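Participant: quick check, what structure comes out for this input:
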Amino acid sequence: MEKEDQIIIHVDMDAFYASVEIRDNPSLRGKPLIIGSLPGERGVVATCSYEARRYGVHSAMNIKDAYRLCPGGVYMHPNMEKYKAVSEQLHAIWSSFASKLESVAYDEAYLDVKERAGDFDGARKIAREIRRRTREELGLSCSVGVAYSKTAAKMASEEKKPNGYFEILTPESFVDLVIDRDVKVLYTVGKKTAEKLYSYGIRTVRDIREQQETVKRLLGKQGEWIAAVAFGKDDRKVTPYVPEKAKSISREVTFQKDVSDDAFLRDVLALLAICVERRAEKHGLYGSGVSLKVTYANMQSVSRSRAGEATRDAAAIHRIAEELFGTVDQRPVRLIGVGIYNISREAYRQMSLFDDPEGEAAGKEKALKELLDSLQEKYHLDFAGHLEDIDRMEVLHRTVEYMRRHSS
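Facilitator: Numbering: from 1, shown residues only. Okay, here's the model as predicted:
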């Protein structure tokens, strides 16, 4: 093996949220468990146990469809703080074996283990150790793939799910595995891309290989990538997440019932702005633009944005978001979101001799206090005393629902 080659492990937890809940409550074992919205609520399935999947339930499915398929299932809201804590334990295990780790989600990551493993025999030992420690230390199972590339490693981890191990060590082995499978087996080929390929009679990976010029002409840059992957080529590196490389920081909320109350929506914008501030502050980041997203009852979405000086100040974000909200149609709203973009670590702004940094900080603190006080007076909730919790997904949604029911 050449020195510059990677040895990549892809780890994917098995039905992560559901598995954590079953571990903590063994009475759920063997039952079709659906994590997400509850029946009768608006929302989707976040994940579900393998028992629920036998009924046809799957992630991102509308909760009403899930209930129609599996009315006898156990339905639960997600406990994101619990899953985040377990995820940190998992990442600590994974990081101990990797020179580079690229986290895809709470429950999934790519590990570059070339330095630690040395060769594929070493990688196999690491894979076994990851599975053992995950089981013994956390009481959970994972599926692990060992491969020469990211695409192959991801494919390998999916091949023997759940609680599986598989390896794809060469491009030739990858091609042998996928050549007669549907085009959707390849990374980046989703439903719409697949439909385009189908319309040209390209249904399998073999078809892509035989008609690669058609694929490139039809899909442009993506087509070039797909054609290369069909031959087992993928030189992407494992790239650790760097917060400042994110394009934006945002938070949004979907209402259980469509909302037409303009004043209530503006109050929700305040909570979302606070969540954005806290997330940006956690990573030491600023945004030089504020964005607003609104999805109406008919599923039509609109967005507005405004560039300016770098900030992560909740009161300022809220003010701009309110102004942007004033430019969109006022009709029943299903979802609303706020974000900052053009992310950096620099709080750049034009300075003058007359600037007063301490006075400016005090002014920001005063503006936030006034915002929180106005919300408390209106909804009789101690917002200021619970800022540590408000950006937790379940707390945010529960608070917004309470506000909606008690808005005048």
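Participant: ok, residue 274 touching residue 312?
Facilitator: No: look at residue 274 against residue 312 with CB atoms under 8 Å: they stay out of range, at 10.8 Å. (Glycine included, C-beta is placed from N, CA and C.)
Participant: find the residue at the geometric middle of this protein.
Facilitator: residue 105 (6.1 Å; CA atoms, centre = their mean).
Participant: can you list the domain ranges for this structure.
Facilitator: 175-230, 243-406 (automatic domain parsing).
Participant: what pLDDT, on average, does the first one get?
Facilitator: Average pLDDT, domain 175-230: 95.
Participant: and it, how far apart are its ends?
Facilitator: 7 Å (CA to CA, to the nearest Å).
Participant: gap between the residue nearest to the centre of the chain and residue 259?
Facilitator: Distance, residue 105 to residue 259, by CB to CB, to the nearest Å: 30 Å.
Participant: residue ranges in the stretch 51-200 of the chain under the pLDDT threshold?
Facilitator: Along the stretch 51-200 of the chain, no part satisfies pLDDT under 70.
Participant: where's residue 213, which helix or strand?
Facilitator: helix 212-230 (DSSP states H and E).
Participant: list the helices and strands that helix packs on?
Facilitator: Helix 212-230 makes packing contacts with helix 191-199, helix 205-210 when contacts are defined by 3 or more CB pairs under 8 Å, 6 or more residues apart in numbering; DSSP states H and E.
Participant: mind checking those for the one nearest to residue 283?
Facilitator: helix 191-199 (33.0 Å; CB to CB).
Participant: so which elements touch the closest one?
Facilitator: helix 212-230.
Participant: pipe the domains of the chain into JSON lines and attach distance to residue 89 per row.
Facilitator: Formatted as JSON lines, the domains of the chain follow (distance: least, CB to CB, whole Å):
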{"stretch": "domain 175-230", "distance to residue 89": "28"}
{"stretch": "domain 243-406", "distance to residue 89": "18"}
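Participant: got a list of what residue 207 touches?
Facilitator: Neighbouring residues of residue 207 by CB atoms under 8 Å, 6 or more residues apart in numbering: 183, 197, 201.
Participant: state the distance from residue 205 to residue 211.
Facilitator: Distance from residue 205 to residue 211, by CB to CB: 11 Å.
Participant: more neighbours, these two?
Facilitator: residue 205 (25 against 17; other CB atoms under 10 Å).
Participant: contacting residues around residue 331?
Facilitator: Here residue 331 is in contact with 260, 296, 297 (criterion: CB under 8 Å, 6+ apart).
Participant: of those, buried ones?
Facilitator: residue 296 (16 or more other CB atoms under 10 Å).
Participant: the contacts of residue 331 into CSV, with extra columns for distance to residue 38, secondary structure and pLDDT?
Facilitator: Output for the contacts of residue 331, formatted as CSV (distance: CB to CB, whole Å; DSSP: H, G, I helix; E, B strand; the rest coil; pLDDT from 0 to 100):
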residue, distance to residue 38, secondary structure, pLDDT
260, 24, coil, 93
296, 24, strand, 93
297, 21, coil, 90
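Participant: nearest to residue 35 among the contacts of residue 331?
Facilitator: residue 297 (26.1 Å).
Participant: who touches the strand or helix carrying residue 388?
Facilitator: Per DSSP H and E, residue 388 falls inside helix 387-390. Under the contact criterion CB under 8 Å, 6+ apart, helix 387-390 has outside partners 271, 274, 275, 278, 383, 395, 396, 399.
Participant: and what of stretch 163-181?
Facilitator: 14, 120, 123-124, 127-128, 131, 141-149, 151-153, 155-157, 159-160, 185-186, 204-206, 209, 230-233.
Participant: buried residues in that stretch?
Facilitator: Result for stretch 163-181 [16+ other CB under 10 Å]: buried residues 164-169, 171, 173-175, 177-179.
Participant: now do the contacts for the spatially closest residue to residue 56 that is not a sequence neighbour.
Facilitator: Closest residue in space to residue 56, ignoring its immediate chain neighbours: residue 69 at 4.8 Å, by CB to CB, 6 or more residues apart in numbering. Counting by CB under 8 Å, 6+ apart, residue 69 makes contact with 55, 56, 57.
Participant: let me have those residues in CSV, adding secondary structure and neighbour count as columns.
Facilitator: Below are these laid out as CSV (DSSP: H, G, I helix; E, B strand; the rest coil; neighbours: other CB atoms under 10 Å):
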residue, secondary structure, neighbour count
55, coil, 17
56, coil, 12
57, coil, 25
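Participant: for residue 101, state which of the residues you listed is nearest.
Facilitator: residue 57 (31.0 Å).
Participant: for that closest one, give its distance to residue 29.
Facilitator: 17 Å.
Participant: same check, this time on residue 183
Facilitator: 37 Å.
Participant: those two: which is more packed in?
Facilitator: The neighbour comparison of residue 183 against residue 29 (other CB under 10 Å) goes to residue 183, with 22 against 11.
Participant: pull out the buried residues from stretch 14-22.
Facilitator: Quick answer for stretch 14-22 (16+ other CB under 10 Å): 14, 15, 16, 17, 18, 19, 20, 21, 22.
Participant: isn't the fourth one right next to residue 47, touching?
Facilitator: By that I understand residue 17. Yes: the pair residue 17 / residue 47 is scored as a contact, 4.7 Å apart, by CB under 8 Å.
Participant: what sits in contact with each of those two?
Facilitator: residue 35.
Participant: I figured residue 124 hits residue 146, correct?
Facilitator: Yes: using CB under 8 Å, residue 124 is in contact with residue 146, at 6.4 Å.
Participant: element containing residue 330?
Facilitator: Per DSSP H and E, there is no helix or strand for residue 330.
Participant: for residue 329, see how far away the nearest residue to it once chain neighbours are set aside is.
Facilitator: Using CB to CB, 6+ apart and skipping residues adjacent in sequence, the residue nearest residue 330 is residue 262, 6.0 Å away. Noted for residue 262: a distance of 11 Å to residue 329, by CB to CB.
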